[in-house]
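Peer 1: What would the 3D arrangement of this be:
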Amino acid sequence: MPEDQERGTGGGRARSVPPAGPAGEGGQPSRARPAASDFHGAVKRPASPHGAGWGKTQRVDPDLGGGRGGDGASLGARGAGAGGPDAARREVPGAPPAGGAGGAAAGVEGGYVPAGEVPPSAFRGGEAGGTGAGLGGARPAAGGSRTPSRVAVADRAERLTVKAYASDHRPTWCPGCGDFGILTALKKALVDLEIWPHEVMIVSGIGCGSKLPDYINANGFMTIHGRPLAVATGIKLANPRLHVIVVHGDGDGYGIGGNHWLHTMRRNVDLVDIVENNQIYALTKGQYSPTSERGFKTTTSPTGAPEDPILPTRVAFAAGASFIARGFAGQPNQLADIIAAAIRHRGYALIDVLQPCVTFNKLNTYDWYAERAYSVEEEGHDPTDPEAAWAKCNEWGDRIPIGILWRNDQAVPYEERVPGLAGRQPIVERPLDDLGAEGLERLKQAFL
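Peer 2: Coordinates of the predicted model:
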């Protein structure tokens, strides 16, 4: 069922971010991909005083949390009310005056909150004092100042912070939605890799999570329902220097977009595919999706969903995906490491993110996942072993593996195998006048 009843078509909405400015040779910022490295073991989870009960309580990192009065552009690490005992010690150039003291009230003062009761301010901040709007951007509030959505960076050597990714738009997600954790993790991964906003293209479809391009200051393209992978493929082929990241839900990616999903994996297009898997169509008020459990009761299945769900990781392995991972929105630090590994991977990278829908899915909650999820890295899983990877990709039930399940570093990206593109100047840099009609025809024939 289409999820665009509230959202509108959303087709073709695009936004671009101008380059940060001269730096490096020729005044152009370096776009080189970070050197490939072994990310096995890079997935870390925060230590918990509760021992083996991983995930039953969530430590809200002050750097990721943000309290009321903190500057959401820096994820709550600025202002007196930023939340977290270390906030006052962090000195950020150009930080606004101290805001209110809502961090402690939000329950994120370096403490723990129940996994099923993560306050929305833990992911998006608030508006009381300081500079306002949390992850969603930079709304001015009493005693604060406005953070510009376009950060002019005259010197490439200037340290990149999450402020560069702050948007003017505040998320409209429900309080406690797992999408906040995904947005937090994505920003953290991009900053950790020192990737600037103009080097990123975020492509989405239709759905709650597909609103994400509005909430991050980067190039963005909102497509029609189920078509982001097709659009993202075209973007990557035209400009392979961009870090192309697709963000959409399980209905958009595994349902109506399932055809594009299969062929994007088969081709091994060099992009990251983040699927926000909440096991329901939430934007249209709760219908069962391709990943809903059989018997799951929704508005379209009052007696229970009649279909068996797909297991995305199993399908991805069978389709030839060269990177398969699963994350959990309730563990943004770990998810950020997974996203960073996926960005560095050369080829298609699927990240199936388990994302609670606190409004319409009362079964698959934060606590439900926490009781079942475990870190494959902690159990010594080798993601380069095909047999071990296949076993993990098929595992679901009482135990749910989290982390990098499969990685094939030998797979060649699609854009390096297309005759019209391999070893040649990117299309985006070729003058159309020089190509001419014959040149354009040859390029077209290379794909036939």
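
Peer 1: State the distance from A340 to G327.
Peer 2: Counting by Cβ to Cβ, to the nearest Å, the gap from A340 to G327 is 11 Å. C-betas here are computed from N, CA, C, even on glycine.

Peer 1: Who has more neighbours out of those two?
Peer 2: G327 (31 against 24; other Cβ atoms under 10 Å).

Peer 1: Can you name the helix or strand that that one falls in?
Peer 2: strand 323-328 (DSSP states H and E).

Peer 1: Pairing partners for that strand, with directions?
Peer 2: Next to strand 323-328 in the sheet, as set by DSSP bridges, lie strand 349-354 (parallel), strand 400-407 (antiparallel).

Peer 1: who does the helix or strand hosting F221 touch, helix- and strand-wise?
Peer 2: According to DSSP H and E, F221 maps onto strand 219-222. Applying 3 or more Cβ pairs under 8 Å, 6 or more residues apart in numbering; DSSP states H and E, we find strand 219-222 packed against strand 13-15, strand 200-204, helix 228-238.

Peer 1: Strands along the stretch 151-300 of the chain, start to end?
Peer 2: 200-204, 219-222, 243-249, 272-277 (DSSP state E, counting those that start in this stretch).

Peer 1: Could I get those strands in JSON lines, plus columns for distance to T300, mean neighbour count and mean pLDDT?
Peer 2: Compiled in JSON lines, these are given as follows (distance: least, Cβ to Cβ, whole Å; neighbours: other Cβ atoms under 10 Å; pLDDT from 0 to 100):
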{"stretch": "strand 200-204", "distance to T300": "24", "mean neighbour count": "26", "mean pLDDT": "96"}
{"stretch": "strand 219-222", "distance to T300": "25", "mean neighbour count": "23", "mean pLDDT": "92"}
{"stretch": "strand 243-249", "distance to T300": "16", "mean neighbour count": "29", "mean pLDDT": "96"}
{"stretch": "strand 272-277", "distance to T300": "18", "mean neighbour count": "28", "mean pLDDT": "96"}
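
Peer 1: what would the ones you listed look like in TSV with distance to G403?
Peer 2: Output for those, formatted as TSV (distance: least, Cβ to Cβ, whole Å):
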stretch	distance to G403
strand 200-204	24
strand 219-222	28
strand 243-249	19
strand 272-277	15
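
Peer 1: how about those strands, which one is nearest L363?
Peer 2: strand 272-277 (13.4 Å; Cβ to Cβ).

Peer 1: what angle sits between the closest one and helix 228-238?
Peer 2: In terms of direction (axes from the mean of the first three to the mean of the last three Cα atoms, to 10 degrees), strand 272-277 departs from helix 228-238 by 170 degrees.

Peer 1: what about A437, which helix or strand?
Peer 2: helix 432-445.

Peer 1: Now that helix: average pLDDT?
Peer 2: Per-residue pLDDT over helix 432-445 has a mean of 79.

Peer 1: quick one: buried residues of it?
Peer 2: L443 (16 or more other Cβ atoms under 10 Å).

Peer 1: start the count at 5, not 1, going forward
Peer 2: Will do, 5 is the new start, and the previous item becomes helix 436-449.

Peer 1: ok, residues contacting it?
Peer 2: Helix 436-449 has contacts (Cβ atoms under 8 Å, 6 or more residues apart in numbering) with G424, I431.

Peer 1: Which residue ranges of the stretch 305-452 of the chain form helices?
Peer 2: 316-323, 336-348, 370-374, 390-397, 436-449 (DSSP state H, counting those that start in this stretch).

Peer 1: Repeat that for the stretch 105-254 of the chain.
Peer 2: 106-109, 125-128, 183-196, 232-242, 254.

Peer 1: Pick out the shakiest of these, pLDDT-wise.
Peer 2: helix 106-109 (a mean of 30).

Peer 1: Contact partners for the closest residue to K301 other than its chain neighbours?
Peer 2: Sequence neighbours aside, G308 is the residue nearest to K301 in space, at 5.5 Å (criterion: Cβ to Cβ, 6 or more residues apart in numbering). Counting by Cβ under 8 Å, 6+ apart, G308 touches R298, G299, F300, K301.

Peer 1: Now do stretch 307-317: distance from first to last residue.
Peer 2: Criterion Cα to Cα, to the nearest Å; first-to-last residue distance in stretch 307-317 is 28 Å.

Peer 1: Check stretch 355-369 too.
Peer 2: Termini of stretch 355-369 sit 19 Å apart (Cα to Cα).

Peer 1: Kindly report the same for stretch 415-424.
Peer 2: End to end - Cα to Cα - stretch 415-424 spans 19 Å.

Peer 1: what residues does it touch?
Peer 2: Residues contacting stretch 415-424 (Cβ under 8 Å, 6+ apart): 237, 240-241, 244, 271-274, 326, 350-351, 425-426, 446-447, 449-451.
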